[in-house]
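Q: Build the 3D model from these lines:
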Amino acid sequence: MQSSPAVRKKARIAALLVCLILLGLSVTACSVFRKPLPQQGCEALKQQLQAYVQSRAEEGRIGIYFRDLKEGNGFGINEQEPIAAASSIKAPIVLYLFQQVADGTISLEEEMAYQAATDYSSGTGVIQFFAADGAPYSLGVLANLAITLSDNIAWHMLERRLGKDNIANYLRSLGGTTVYPEGQNISTAQDMGAYLQAILDFRAAQPELGERLIDYMSHTIWDQDGIPNGVPAEVRVAHKVGSLQQVANDIGIVFLENRPYILAVMTDGLQDGFAAITEISRMVYNYQMQKQ
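A: Next up is the predicted model:
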């Protein structure tokens, strides 16, 4: 049955209002995240980490973002310092894929063909060793490989499917402020913290897909490096490392009972970057345990 012009007009107006409200909520959420976190209750930890960062200042740069998920407080140290993101950017890219799946615009069963001319990359991953040009891979498999093995070819294929401009717009919608400057894969500890919070928010809205991503991040081949190495083995850590020559990053959610937290550490120039991240992780964990 067809509705009258007046009814259709009212429906269009209502739809427009809903869109404006949702847009407003999205902008508000991003604005809230960009505001400085309340630091009350974690001043001592900040001082401790500042002293450590200062002691390594002549060696290189360290950016840190910390947020206590129970109390909502936290802080940053050089948190807006632009540093090469390396493979840590793969976590929010897979989040964007899963958001598209949740929205019904993409299926994880969808397959795309490996194109060696555009997708090939050495470094981490396994596709490079056995995939023939044109070999099909489902988006679900690519997402798994991009996180658990940090497969570079899987990353490039997902980026090709999703579109780099679309990914950039999505990262900005999450609160990212340093997003592919001049086309480079550069980010900040603060932005990475925003993306980790977005992963948690996504899991709250889409439990099955969200837990799938967190499960991938909790079972990588680098679970003995960086943040996990600074906490006991029984504490779950969902994280994503990234490394280049003299660049070591790790961004993670530490599911400490009664005191979970977000920690993003990005380093540039340190010879022992992952060891430094482990030391920072240990300081944060011990501080959080004291608050239990």
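
Q: gap between stretch 205-223 and the chain center?
A: Centroid displacement of stretch 205-223 relative to its chain, using C-alpha atoms, centre = their mean, to the nearest Å, is 12 Å.

Q: One more: stretch 70-86?
A: In terms of C-alpha atoms, centre = their mean, the centre of stretch 70-86 is set 12 Å apart from its chain centre.

Q: residue ranges for the helices of this structure, please.
A: In the chain, the helices defined using DSSP state H lie at 5-34, 43-55, 90-102, 116-119, 127-130, 139-148, 152-162, 164-173, 189-205, 207-218, 273-290.

Q: Nearest spatial neighbour of L244, chain-adjacent residues omitted?
A: Distances taken as C-beta to C-beta, 6 or more residues apart in numbering place A86 nearest to L244, at 5.0 Å, with adjacent residues excluded. Just so you know, the C-beta spots here come from the backbone N, C-alpha and C atoms, and that holds for glycine as well.

Q: got a list of what the one you found touches?
A: By C-beta atoms under 8 Å, 6 or more residues apart in numbering, the contact set of A86 is N185, G242, S243, L244, V247, N249.

Q: cool, R282 as well?
A: So R282 contacts G230, V231 (C-beta under 8 Å, 6+ apart).

Q: rewinding a little: quick one: which of the contacts of A86 is the most crowded by neighbours?
A: Greatest neighbour count in the contacts of A86, by other C-beta atoms under 10 Å, goes to N249: 30 neighbours.

Q: before we move on, back to that, farthest-apart pair in the contacts of A86, please.
A: Largest separation among those by C-beta to C-beta: N185 and S243, giving 12.5 Å.

Q: re earlier: columns pLDDT and distance to D223 on top of the contacts of A86, output as CSV?
A: Below are these laid out as CSV (pLDDT from 0 to 100; distance: C-beta to C-beta, whole Å):
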residue, pLDDT, distance to D223
N185, 98, 23
G242, 97, 15
S243, 96, 15
L244, 96, 20
V247, 97, 20
N249, 98, 15
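
Q: Please flag which of these sit within strands.
A: G242, S243, L244, V247, N249 (DSSP state E).

Q: Let me know whether the last one touches I227 as I believe.
A: Just to be clear, that refers to N249. No: counting by C-beta atoms under 8 Å, N249 does not reach I227; the two are 10.2 Å apart.

Q: shared neighbours of the two, which are they?
A: Shared contacts of N249 and I227 (C-beta under 8 Å, 6+ apart): V265, I277.

Q: hang on, the earlier thing: distance of the residue nearest to L244 relative to A131?
A: Separation of A86 from A131 (C-beta to C-beta, to the nearest Å): 22 Å.

Q: One more: A264?
A: Distance from A264 to A131, counting by C-beta to C-beta: 32 Å.

Q: Who has more neighbours out of those two?
A: Under the criterion of other C-beta under 10 Å, the comparison of A264 against A131 puts A264 first, with 31 against 18.
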